[in-house]
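Undergrad: Whatever this is, show me its structure:
(one chain, ligands or ions: 1)
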Amino acid sequence: MSTFVQQKNSQPAPQGVREAILAKPGFGDYFTDHMSHVRYTKDQGWHAHTVKPYGPLVLDPAAAVFHYAQEIFEGMKAYRHADGSVWTFRPTKNAERMNKSAARLALPEISAEDFVGSLRALVELDEAWVATPKDAADEVSLYLRPFMIASEKFLGVRASHEADYYVIASPAGPYFAGGIKPVDIWLSKDLKRAGTGGTGFAKCGGNYAASLQAGNQAAEKGCQQVMFTDAKESKYLEELGGMNLMLVTKDNELITPSVSETILDGVTRRSLLELAPSIGLTPVERDIEVAEWRERAAAGEIVEAFACGTAAVITPIGRLVSDDFTIEQSTEPGEAAMKLRSTLLDIQYGRAEGPEGWMVKLA
Ligand SMILES: *Cc1c(COP(=O)(O)O)cnc(C)c1O
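TA: Numbering: from 1, shown residues only. Below you'll find the model as predicted:
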């Protein structure tokens with residue numbers, strides 16, 4: 001494993017400024033004093049591991065990322081535990097996924113050691129940016145955003161021979177300031193985010209770009225998120241733009257679409273499925289038709305719906321709205337969703353023991 005050379009920021013945010021930000025961080029609005037960086041060239045492989053001052057990148061306008069969208073990213077969080085130590089959640093899952101994304105986008109793979117090392121190197125220098133929760137309801141964390149871009153200056157169409165990997169960090173407050181409220185979701189039938197053989201399973205910026213127009217349509221319909229269906233028949237539920245979908249039945253099944261070429265393998269999704277039995281839920285991964293949700297919700301058999309992902313953990317779904325019908329799911333967060341949420345958060349914040357190896361110490 002390579003060591004990250006420290007180049008300390010000579011002008012870090014003054015303590016007062018940092019504390020004001022940590023008191024009201026929002027999400028993704030502020031960034032810490034440093035960033036990790038590793039450089040890749042075809043000849044040298046990954047090299048020049050550094051943690052350096054956070055700041056603008058200098059890139060050639062012909063860099064491949066600007067033209068052919070060769071870019072991938074990850075998202076995870078650092079949590080402060082009661083004894084002052086700082087931890088992250090299942091980072092090797094993110095490292096594995098980043099390499100699956102890298103393979104699909106023809107970017108170089110990075111070792112799990114370098115991946116976890118880049119997080120540790122950054123959090124070591126920016127530890128003061130990891131807020132201490134006041135109580136169990138105070139969901140403060142430091143959001144970590146590793147990403148990789150194709151940086152070769154070259155307009156021909158082929159995989160870049162140069163890449164840069166960075167990690168930036170942004171303090172995050174509770175996603176739902178003012179309490180958890182179910183959100184309304186727009187069912188996108190005409191616009192799709194992923195198709196068979198495409199990049200749906202990869203965490204790449206291009207998938208998000210492809211989801212934004214549907215997001216605008218959702219907003220026009222008064223919805224906060226988009227539910228995507230399969231590209232071929234618009235018959236099966238897939239996922240939201242950046243979160244996986246879960247349904248709970250009245251006989252305590254936790255159902256979610258199986259991961260596939262078009263559905264991203266969420267670490268939150270996987271972890272909730274693994275935790276489900278401990279709170280009396282049976283995890284089920286299979287195809288789910290839109291019609292099944294519609295019919296079984298109306299019959300009182302599907303009693304809860306929620307979306308899950310690192311940023312918001314669990315987001316209860318109030319209604320699924322489409323141009324010809326609406327599923328009225330719930331006006332309040334469901335019992336199973338809230339139980340799963342607190343079970344996961346208790347592990348992440350070190351208030352409960354999780355399965356072996358889930359929490360990894362960063363500082
Ligand atoms: C990141 C992401 C998720 C959630 O994954 P987590 O690992 O749980 O954060 C779900 N869907 C898409 C498309 C994503 O990009």
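Undergrad: so residue 196 touches residue 232, yeah?
TA: Yes. Using C-beta atoms under 8 Å, residue 196 is in contact with residue 232, at 7.4 Å. The C-beta positions use only the backbone N, C-alpha and C, and glycine is treated the same way.
Undergrad: distance between the ends of stretch 244-257?
TA: One end of stretch 244-257 to the other measures 8 Å (C-alpha to C-alpha, to the nearest Å).
Undergrad: Run the contact check for that stretch versus the ligand.
TA: Yes. Between stretch 244-257 and the ligand, judged by C-beta under 6 Å from any ligand atom, the touching residues are residue 244.
Undergrad: Go through that stretch and flag the buried ones.
TA: For stretch 244-257, burial by neighbour count (16 or more other C-beta atoms under 10 Å) applies to 244, 245, 246, 247, 248, 249, 254, 255, 256, 257.
Undergrad: now do stretch 110-129
TA: 110, 112, 114-123, 125-127, 129.
Undergrad: Okay, and which of those map to strands?
TA: Using DSSP state E, no member of the buried residues of stretch 110-129 sits in strands.
Undergrad: which secondary structure elements does the helix or strand containing residue 305 contact?
TA: According to DSSP states H and E, residue 305 maps onto strand 302-309. In terms of contacts (3 or more C-beta pairs under 8 Å, 6 or more residues apart in numbering; DSSP states H and E), strand 302-309 is packed against strand 244-249, helix 267-275, helix 290-298, strand 313-321, helix 335-348.
Undergrad: Name the surrounding residues that touch that strand.
TA: Strand 302-309 is contacted from outside by 75, 183, 185, 225, 240, 242-250, 266, 268-269, 272, 293, 296-297, 314-317, 320, 327, 329-330, 334-337, using C-beta atoms under 8 Å, 6 or more residues apart in numbering.
Undergrad: just stretch 151-160 next, same as before
TA: 59-60, 62-65, 67-68, 70, 106-107, 150, 161-164.
Undergrad: Enumerate every residue touching the closest residue to the ligand within the stretch 51-200 of the chain.
TA: Residue nearest to the ligand within the stretch 51-200 of the chain: residue 75 (5.4 Å; C-beta to the nearest ligand atom). Listed by C-beta under 8 Å, 6+ apart, the contact partners of residue 75 are 94, 143, 144, 145, 203, 309, 310, 311.
Undergrad: re earlier: can you list which of the contacts of stretch 151-160 are found in helices?
TA: If you go by DSSP state H, those have 64, 65, 67, 68 in helices.
Undergrad: and the closest residue to the last one other than its chain neighbours, how many neighbours does it have?
TA: Read it as residue 68. Leaving aside its sequence neighbours, residue 68 sits nearest to residue 157 (C-beta to C-beta, 6 or more residues apart in numbering; 6.5 Å). Residue 157 has 8 neighbouring residues, counting by other C-beta atoms under 10 Å.
Undergrad: Quick check: residues of the chain near the ligand?
TA: So the chain meets the ligand at 75, 203, 239, 242-244, 264, 266-269, 309-310 (C-beta under 6 Å from any ligand atom).
Undergrad: if we go to 5 Å?
TA: 203, 242, 244, 264, 266, 267, 268, 309, 310 (C-beta under 5 Å from any ligand atom).
Undergrad: ok, of these, which one's closest to residue 192?
TA: Taking C-beta to C-beta as the measure, residue 192 sits nearest to residue 264 out of the residues of the chain next to the ligand, at 14.2 Å.
Undergrad: Can you report phi and psi for the closest residue to the closest one other than its chain neighbours?
TA: In space, and not counting its chain neighbours, residue 264 is closest to residue 201: 5.8 Å by C-beta to C-beta, 6+ apart. Dihedral angles of residue 201 (phi, psi; degrees, to the nearest 10) stand at phi -80, psi -10.
Undergrad: Let me see the contact set for the residue nearest to residue 361 when sequence neighbours are not counted.
TA: Nearest residue to residue 361, sequence neighbours excluded (C-beta to C-beta, 6+ apart): residue 87, at 5.4 Å. Residue 87 makes contact with 78, 79, 81, 348, 350, 359, 360, 361, 362, according to C-beta under 8 Å, 6+ apart.
Undergrad: Give me the buried entries from these.
TA: Among the contacts of residue 87, those buried by neighbour count (16+ other C-beta under 10 Å) are 78, 79, 81, 348, 350, 359, 362.
Undergrad: So what touches the helix or strand the second one falls within?
TA: Element membership of residue 79 [criterion: DSSP H and E] is strand 76-80. Here strand 76-80 makes contact (C-beta under 8 Å, 6+ apart) with 86-89, 91, 94, 119, 123, 130-133, 140-144, 146, 169, 172, 267, 310, 348-350, 362.
Undergrad: Please list the members of those residues that lie in strands.
TA: Per DSSP E, the contacts of strand 76-80 map to strands at 86, 87, 88, 89, 141, 142, 143, 144, 146, 169, 172.
Undergrad: which one of these sits closest to residue 211?
TA: Set against residue 211, the nearest of those by C-beta to C-beta is residue 143 (19.6 Å).
Undergrad: ok, the closest one - how many residues close by?
TA: Neighbour count for residue 143, taken as other C-beta under 10 Å: 19.
Undergrad: That one contacts residue 26, correct?
TA: No. The pair residue 143 / residue 26 is not scored as a contact, 10.7 Å apart, by C-beta under 8 Å.
Undergrad: between these two, what contacts are shared?
TA: Common neighbours of residue 143 and residue 26 (C-beta under 8 Å, 6+ apart) are residue 172.
Undergrad: contacting residues for the nearest residue to residue 203 once chain neighbours are set aside?
TA: Nearest residue to residue 203, sequence neighbours excluded (C-beta to C-beta, 6+ apart): residue 101, at 5.0 Å. Applying C-beta under 8 Å, 6+ apart, we find residue 101 in contact with 72, 107, 202, 203, 204.
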